[in-house]
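In: no FASTA, just this:
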């Protein structure tokens, strides 16, 4: 595939209206002919920035290669100024790319559309702390993203900014399990399964009495023993009903958890924290009528899929290889990386759009995928019938032929 076709493929994966969005936000303003503006179209800028993000090239190298290719003759300083103001546009572009696609029905588990969420941090060269944070929400049915959010160093992992939908089940780690985030998800008609966070969630049992979590889970002494309790928590006076589900871990798994705690918290680790590592404890808003205790605990273990995606984005996609120092250019770089990763996921899925006729070819690809799935289903049914068909006893003719 030559370079022009490759760029056409990239453009075809961008959301509808990406060109008009740049006009709406005034990213590239119309210039009179006498001004001799270098950048007159958002496409010039996007193509240059995508190349810079993929190649990891410097400003000088990127502008030199763009001039040699006849794309645009721009100075490194000018490109830096463009990067300082491109972030908001790229953020809107990314948000449009992770909107649920109504043409692709999502599979359901026990009536839920399961979404797993997690966050990760990135640092610029020489940083001693967090430079930025990315929060992901991924639908398990097809491993597609329904939420990608970029925050600065002051942002935390929270569900309060998540746009949830009725019928969704969000599975999250302990950093997300707090009353404000859970209340936000519940208000949108969705449910939550989250690792219990003893630092952010105060639980109450019957008659409004404080619920001592450790005192209750200590009763689970045998590995594999599990139990649940009806509890509630409060957010600004609003009661959130839920269940606390726990299972005793095998001794080796509990010790592994304690090693991680000592490594993560150092001298701040407490005896209660080390003791609590013996159990997997989760809070859920799902009623027992929909999910049993063992199903809640099994569902939480599905969360590792999002951790794999984050590892891929950082190890293969170079998400954490920040070449920038200014907050504005860091924002632009991270948005470019996240958009490129969404494009890569489309290119290896059945949702890929092939130019030049994106709509017609996109429909053709959908039909081809559907046909392949139907063929596979027919083959599976034929094999099942063949295996179920009773075998006739061998005749004398068959025996003589075999001899």
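Out: Cool, the structure landed. The structure displayed is predicted, hence computed values, not measured ones.

In: Now do the contacts for residue 79.
Out: Listed by CB atoms under 8 Å, 6 or more residues apart in numbering, the contact partners of residue 79 are 48, 52, 59, 62, 63. From N, CA and C alone the C-beta is placed, and that goes for glycine too.

In: how many neighbours does residue 168 have?
Out: By other CB atoms under 10 Å, the residues close to residue 168 number 23.

In: From residue 17, how far out is residue 96?
Out: Using CB to CB, to the nearest Å, residue 96 is found at 8 Å from residue 17.

In: In terms of packing, which of those two has more residues around it?
Out: Ranked by neighbour count (other CB under 10 Å), residue 96 and residue 17 place residue 96 first, with 16 against 13.

In: Wait, that one touches residue 89, no?
Out: No - assessed by CB atoms under 8 Å, residue 96 is found out of contact with residue 89, at 11.0 Å.

In: Check the contact lists of those two and give me the overlap.
Out: residue 21.

In: Tell me where the stretch 1-150 of the chain has helices.
Out: 3-13, 18-25, 42-55, 59-68, 76-85, 87-97 (DSSP state H, counting those that start in this stretch).

In: quick one: which of the ones you listed is nearest residue 109?
Out: Checking these against residue 109 by CB to CB gives helix 87-97 as the closest, at 24.9 Å.

In: Any buried residues in the closest one, and which?
Out: Neighbour-count burial for helix 87-97, counted by 16 or more other CB atoms under 10 Å, picks out 87, 89, 90, 91, 92, 93, 94, 96, 97.

In: Name the member of the contacts of residue 79 with the shortest distance to residue 295.
Out: Among the contacts of residue 79, and counting by CB to CB, the member closest to residue 295 is residue 52, at 47.1 Å.

In: Who are the contact partners of that closest one?
Out: 59, 62, 79, 336.

In: Quick check: pLDDT value at it.
Out: pLDDT, residue 52: 90.

In: do the same with the one 10 residues further on
Out: Reported pLDDT at residue 62 in the predicted model: 91.

In: hmm, back to that, let me have the helices of the stretch 1-150 of the chain in JSON lines, extended by distance to residue 252.
Out: Compiled in JSON lines, these are given as follows (distance: least, CB to CB, whole Å):
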{"stretch": "helix 3-13", "distance to residue 252": "45"}
{"stretch": "helix 18-25", "distance to residue 252": "51"}
{"stretch": "helix 42-55", "distance to residue 252": "43"}
{"stretch": "helix 59-68", "distance to residue 252": "51"}
{"stretch": "helix 76-85", "distance to residue 252": "49"}
{"stretch": "helix 87-97", "distance to residue 252": "41"}
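
In: For these, which has the smallest mean pLDDT value?
Out: When the helices of the stretch 1-150 of the chain are compared by mean pLDDT, helix 3-13 comes last with a mean of 75.

In: Cool, thanks, talk later.
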